[in-house]
Structure formats: structure tokens, C-alpha cells
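Need coordinates for the following:
(4 chains)
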Protein chains: 2
Amino acid sequence: MRFEAITIKDIAKALGLSTSTVSRALRDSYEISPETKQKVIAYAKENNYRPNPIALSLKEKRSSSIGVIVSEIANSFFSQAINGIESIANEKGYNVIIAQSKEELEREDSALQYLASRSVDGILLSVSSRTSNFDHIKKLYDRGMPMVSFDCLVDFEGIHKVMVDNIKAAYEGTEHLINKGFKNIACIASSSFLSITTERVKGYTAALHKYNQPIQTNNIEYIPHGGLIQEEIYEAMDRLMNQKEKPDAILACSDRITTNVMRYCQNKKINIPKQLGLIGFSNLDLTDLLTPSLSVVRQPAYEMGRAAADLLIKMLESKRAITEFENVVIPSTLIERDSSMQIKL
Amino acid sequence: MRFEAITIKDIAKALGLSTSTVSRALRDSYEISPETKQKVIAYAKENNYRPNPIALSLKEKRSSSIGVIVSEIANSFFSQAINGIESIANEKGYNVIIAQSKEELEREDSALQYLASRSVDGILLSVSSRTSNFDHIKKLYDRGMPMVSFDCLVDFEGIHKVMVDNIKAAYEGTEHLINKGFKNIACIASSSFLSITTERVKGYTAALHKYNQPIQTNNIEYIPHGGLIQEEIYEAMDRLMNQKEKPDAILACSDRITTNVMRYCQNKKINIPKQLGLIGFSNLDLTDLLTPSLSVVRQPAYEMGRAAADLLIKMLESKRAITEFENVVIPSTLIERDSSMQIKL
DNA sequence: CTTTTTTACGCAAACGATTTCGTTTTGAGT
DNA sequence: ACTCAAAACGAAATCGTTTGCGTAAAAAAG
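Numbering: from 1, shown residues only, chains lettered A, B, ... in the order given. From the prediction side, this is the model:
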């Protein structure tokens, strides 16, 4: 079974013209007489002609499409970011191809390779939590594939980057917990390879330092697969809660980590926030309905997507090579709810 | 800025061969001497050669990609379904292009048109809640575009369909509420155009009928945009709760409707389940963490995606035209939690 | 009534890969 | 020595579209 679309050749044959004439008529060239144009356009419309984008891509060496690689789309941050990307892309006449790395290096690489082999004009990339080595990305980038890095950033320079101020975001989250009276705050972050992890941990320690709270390395846990594997988070929680001095609050540095910490506490009958305060990075739109309502650091995913897509398309459409690379930093928002309120609830 | 990949021509030139020889060497043709093959393969590997899929698509008249149109990816049901689709597609060597209709007819049509113009071999479609007329879909389908309809189905026959048993699912949900002692159960469904709506309402009324509860039309609300617009749900709830005989429980027929009913109740200080029982269709993976934990009808989204993709690819790869069309019905699951427990909590 | 210009169109190449149909060379068979 | 076939490769068409160039006829200029 196959779908056969009408081509310029079919029109030419039907109207007794050459393909060049038809092509020019459709593009409203001055070399074609008004009558011929009229005939061609009418016939094309009638038969629902649409130029074959594949033939166009082959000829023009561009596909008018951009690729997006994220860890998974079933993640509120990324689905919101993709909405932002699409809003810009549609506006500018590009279409979007989405690929998921599922937090695996091999899938990231194969997605990159597929997109690279000419089907897309450029790539928006948020690296997976398993990406400790960025050579496969840098290689492709150096060979001329336009790319913009967003959220989980690549480690090299000379590339546009879009991010939140992770240090500040984590600092504010931690500070909020401190202000609410928590004395022994732990931090659960994503894989240690990621820039967002190191920055968020940096913000966390900076806040502790500022308020003269001790910084204990055994209060910092890293989750290798960024929360995709529930077990990893449960194990981290076990380690934290089995210490002599249990933490009394937790800063959870990703969506999946946050929800799985809540689930752990529910299973273990740990009351939030009485026994354990919690604030988490999350873009879920029903954190207000959770029990207790969840205090979150919210990333402006939609805006980040828009900014990244905008940078990429500007890059694609610029004549000369880019020499100045931007680091777009978009502010995050702290939303204080019940999960971080120690005293009264 | 543009990315230039290595082509078969480059290899031919570098090795002093013709493009035909290179092509054959890479495809391991018997007409090429082992030594030449060796040289070509080595050079190709070294220079990271990858066949240009666009050129291939043009020649083969197929793109090895399938399109998926859903209302929005930021919806747990669809993102899970897409995961299922991708799992099959990757297995069979297809890649997936995702488009969102955002519950708008125009966006659905333009997505369809784009995908149609030869960039995809087939389409998996869940129609938008604004789609009251299916002509644009049927037209394309009749012109030979392979399609499989899943979840929100098209209204015509002669096409593969993948769905849950909506009547049974709604029946079981309603029955569960009845068994828990609720006496005046309302139903909030998606737009009245959709087959899933009529079927779920049918299941709801069937259960009421079976247990001798009165069926009141003013207890059935339809949400034009399927829940994408929060206001529409709030207004429906207002209508329901301002009746003389308020409902004591609600069957919410989509993810967005369910969560927005909860949000409404929270705003209006309506206690679930004491004042209002609730069971909802939902695929969110944290309904267990809500307050109260949410009773749900869960659709097997991943399996539905797999089934739909499987049918489509079988269709694409079958030599002769399909004459038998399948209606794949996949069972849903009822998960009983606190939101539907009237007596004790 | 020529010559030049304009008008309106067709031819063919190009994009990258595959494939059908040659073509050349070598070696075996008679 | 002659035929024939196998082995190893190349030329060219094809997919759908655009575009530089060529060219016929018609119109304008001389």
C-alpha cells in the first residue's frame, strides 16, 4: 500500500507544458504568461498539488526541519519546552522532529546520527544523564551541524546555550528551607556528569555556607539515570534516612526525583513536612494537588524552548558563520507550598 | 551555516571509482571484487559515511517514517502511547514524526497535509475534540495514505482502529461508584463529537440503568475542548453543583477533566470523597500521590501505541491491499483508591 | 522590410542513491 | 585460434523540483 501524490510532471503532462513552465508558473515567475499561470494554478489547486518536500530537500540541501533530542517526552519540563520550540518553528516555517534518548548514551548518539544524516537543518539538544563524554556531540558540531544546547548542557564552548540560573535556583530553594527552620538539609541531584547537577549542588552548598550550616558530603546523593529508574532514588533515600543524623529536609533536583521522593515517603509513612521537608525542581502542573501541596522550583520550560529554537533558526538563516555565542539565562520561579512548611500545616 | 555530509560521489572520486561501484560495494554486491569492497568500506567507515535518507526517500518513494498526530504530547496518555509507537517503529526501522493538533481542527488538518505531502509513509491519528467532520481525514485516506485510528477514532469504516472498550471502562467506573454507595452520579465527558465520549456516556448510563438509578441529562456535561481549557470544566462543575440535587459523585472522562475537577473542588473547599466522590480516566503516574489518592480508569496507552504502530507498519509492508480491517480492543484497568470511597477515609 | 528586443516557453543539469543495461578484460573450453 | 562466459566495473536513467541557458515566435524599433 502506498500513497501517490500528484507531481509537477503530472501537471505538465495534463496541460501539455514542460515541468519548468509549471514550476515557474507556480512560483509566479515573470516569464510565464498570465493565462498559462492561471491554468496551472487552477489545475494544481483542483488536484491538491503540494510540492514534494523530499525532492526540495534534496535539491536545496535543507529540509526546513529541526531535530530535538530530549531524555523523554513524558516529562513535563520537556513537553512544555517542545511546545515552546514548536511555537517558534511553526512561525518560521520549520517543522520539528522529536527524538528521545531515554537517558541512554547509545540512544542519544543514534538519534544524533540519524538526524545528522541530512534530514534536519539543525538540532536542539538536552543531553542525557548518561552522557559523561561529549565527543560524539562535539564531533558532529565541529563538522558543521548547527546545534543549540538547552537545559542539560554540553561541556564545551563555542555553542549557544539556554539554561536557567541553576545555582541561583538551588540556592533559593535551599534558602527557603533554611528560613522555614530546617537544620539538616540533604540534596538529591541527577547524574554527576551533568552541568545542571554540579550547578544545583553548588547553589545548595552556597546557601548552607551562607547560613552557617555544615556541608556534609553524605547528605548529597547523585542519581545515575536522572530519576528514570525508581530504584535508584529509593536506594538514595535509604542511605540518607539510615544515617545517624537523618536529614530533616530534602532538595530534590529533578521532576522524577521529586515525585519519587514523595512516593518513598508515602510508602515508608514518613510525614511531609513534619518529619521531612521537601522542595523539588518540577514542572508538573498538578503539584498543587499533591499531599501535601508541593513547594517547587519551576523552570520556564516554554520560554526556554522558544529561546533555544529562536537561536537555532537565527543561526540557520544567518549568512556568515557565528562567532559570538550566547548564554541565555532565564529566571526560575520559587513556589512556596506546604511540603516545605515545618511548623504549622 | 550548513552541515555538509559525505556522499557516495565523494567516495567514488577519492577512490577513482564510479558511484555505481561504490554503491554496490557498500551493499555487498557479488559483482564487486573483494579488494574493491574492502577499500570502499574502509574509506566509508573512516569518513563516517551515511546514506542520505532524503535521496533514498526520493528514489524509493518511501521515507521509512510514520507520522503521529495527537492533541498534545503534554498528556500522559499520549506520551505513553508515543513511547509504545516508537518501540515498534524503531524495531522495524521506521522513525516517528510527532505533530500536535492542540484540539483544533485547523491544526489537525495542516498537520495531516504536511505529513501527507510524502514525508511519511503512514499516519497514526487520534482526532482532536474539535473534529466534528471527518472529511479531510477520509479524503486523504481514500487517496491512499495508510492510516490507523487510535483512541479518539474517526467515524468511518474501512480503517484499522485501536481503542479501549470505552463502554465497559465507563460502566465499571460507574458501577464502582454505585457499589461504594453513591446515589447521584454525574458524568463529565469530552466533546460530544468524539466516539470515546458517546461510548463512555453509554457505559455510564448502562450502569445507572442496571442498578436502577435515574438517568438525568443535566447530570451529563460535555467539554468542547476536551479539557484543554480549564474554564470549560469549571463552568460545567458550576452547573452541576448549582442544581437543586447536587451530584454526590463524578465520573470524569479524561485526564485533564479529572485533574481540573480536583482543582475545582480544592478551590471550592469541596471534600473528596466526603462531599463528592470521584473517579476519573487518567494515565498520570502520580495519581497515587494526590489528595485524596485518585481512583482511576487507566488506559493501556503503551500497548495501544504498540498495537496501532504494528498495524500501520504491517499495512505499509503488505504487498496487496488490505480488505479486512481490525478493531483492536485493549482492556482498561480500574484502580480503586480513596477518592471514590464514600464511607470511611 | 529588416533588425533588435521582448515574451514565453523548453531543454538539461543538479541534488544523492540505486539499478538496469551495457562494456571491457580475462580465462576457460573446444 | 576462436568462441563464450564469467568477473568487475561504468554510463545513464530515475525519483521531483529548481534554474541557467537556449530559442522560437511575436512585437517593437530602425
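
DNA strand C contacts on the stretch 51-200 of chain A?
Applying C-beta under 7 Å from any atom of the strand, one finds that the stretch 51-200 of chain A approaches DNA strand C through A:55, A:58-59, A:61. From N, CA and C alone the C-beta is placed, and that goes for glycine too.

Most neighbours among these, which one?
Using other C-beta atoms under 10 Å in any protein chain shown as the contact criterion, the top neighbour count among those goes to residue A:58, which has 19 neighbours.

tell me which element that one is part of?
Residue A:58 is part of helix A:53-60, with elements assigned from DSSP states H and E.

Next one: the residue nearest the centre of chain A relative to residue A:69, how far apart?
Nearest to the mean C-alpha position of chain A, counting by C-alpha atoms, centre = their mean, stands residue A:78 at 4.6 Å. Applying C-beta to C-beta, to the nearest Å, one obtains 10 Å for the distance of residue A:78 from residue A:69.

Mind listing the shared neighbours of those two?
residue A:126 (C-beta atoms under 8 Å, 6 or more residues apart in numbering or on different chains).

quick revisit: now render the residues of the stretch 51-200 of chain A next to DNA strand C as CSV, adding distance to chain B and pLDDT.
As requested, these are exported to CSV (distance: C-beta to the nearest C-beta, whole Å; pLDDT from 0 to 100):
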residue, distance to chain B, pLDDT
A:55, 6, 94
A:58, 5, 93
A:59, 10, 93
A:61, 7, 89
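
which stretches of chain A have low pLDDT?
A:1, A:118, A:343-345 (pLDDT under 70).

Does residue A:162 touch residue A:152 like I think?
No. With the criterion set as C-beta atoms under 8 Å, residue A:162 and residue A:152 do not qualify as a contacting pair; they are 11.0 Å apart.

hey, where'd the strands end up in chain A?
The residue ranges that make up the strands of chain A, judged by DSSP state E, are A:65-70, A:95-100, A:122-125, A:147-150, A:160-164, A:185-189, A:220-222, A:249-252, A:277-281, A:295-298, A:327-330, A:333-335.

Which one, of those strands, ends up nearest to chain B?
Shortest separation from chain B across these is recorded for strand A:95-100, at 5.2 Å, computed as C-beta to the nearest C-beta.

Can you give me the buried ones in that closest one?
Taking 16 or more other C-beta atoms under 10 Å in any protein chain shown as the neighbour-count basis, strand A:95-100 is seen to contain the buried residues A:95-100.

ok, and which of these reach chain B?
Among the buried residues of strand A:95-100, proximity to chain B is found for A:95-100 (C-beta under 8 Å from any C-beta of the partner chain).

just those that are near DNA strand D?
Contacts with DNA strand D are made by none of these, judged by C-beta under 7 Å from any atom of the strand.

Kindly indicate which of the residues you listed lies nearest residue B:39.
Using C-beta to C-beta, residue A:99 is the member of those that sits closest to residue B:39, with 33.5 Å.

Now do the contacts for the spatially closest residue to that closest one that is not a sequence neighbour.
Distances taken as C-beta to C-beta, 6 or more residues apart in numbering or on different chains put residue A:111 closest to residue A:99, at 3.8 Å, once the chain neighbours are dropped. With contact taken as C-beta under 8 Å, 6+ apart, residue A:111 is in contact with A:67, A:69, A:99-101.

Got the domain ranges for chain A?
As given by automatic domain parsing, the domain ranges for chain A are A:8-51, A:59-164+A:301-331, A:166-299+A:334-340.

Determine how far the last residue of the second one lies from the first.
Using C-alpha to C-alpha, to the nearest Å, one end of domain A:59-164+A:301-331 lies 42 Å from the other.

circling back: of the buried residues of strand A:95-100, closest to DNA strand C?
The closest of the buried residues of strand A:95-100 to DNA strand C turns out to be residue A:97 (C-beta to the nearest atom of the strand; 19.0 Å).

thinking that closest one is in contact with residue A:70, fair?
No. The pair formed by residue A:97 and residue A:70 falls short of the contact definition of C-beta under 8 Å, at 11.8 Å.

residues bridging contact with these two, i.e. touching both?
Contact criterion C-beta under 8 Å, 6+ apart; residues shared by residue A:97 and residue A:70: none found.

Can you show me the CA trace of stretch A:175-186 as PDB?
As requested, C-alpha coordinates have been extracted for stretch A:175-186 and formatted as PDB (Å, rounded to 0.1, in the frame of the first residue of the first chain):
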ATOM      1  CA  GLU A 175      17.500  29.200  51.500                       C
ATOM      2  CA  HIS A 176      13.700  28.800  51.600                       C
ATOM      3  CA  LEU A 177      14.100  25.500  53.600                       C
ATOM      4  CA  ILE A 178      16.500  27.100  55.900                       C
ATOM      5  CA  ASN A 179      14.200  30.000  56.500                       C
ATOM      6  CA  LYS A 180      11.500  27.600  57.400                       C
ATOM      7  CA  GLY A 181      13.600  26.200  60.100                       C
ATOM      8  CA  PHE A 182      15.100  23.100  58.700                       C
ATOM      9  CA  LYS A 183      18.500  22.300  60.100                       C
ATOM     10  CA  ASN A 184      19.900  19.300  58.200                       C
ATOM     11  CA  ILE A 185      19.000  19.600  54.600                       C
ATOM     12  CA  ALA A 186      20.000  16.900  52.100                       C
END
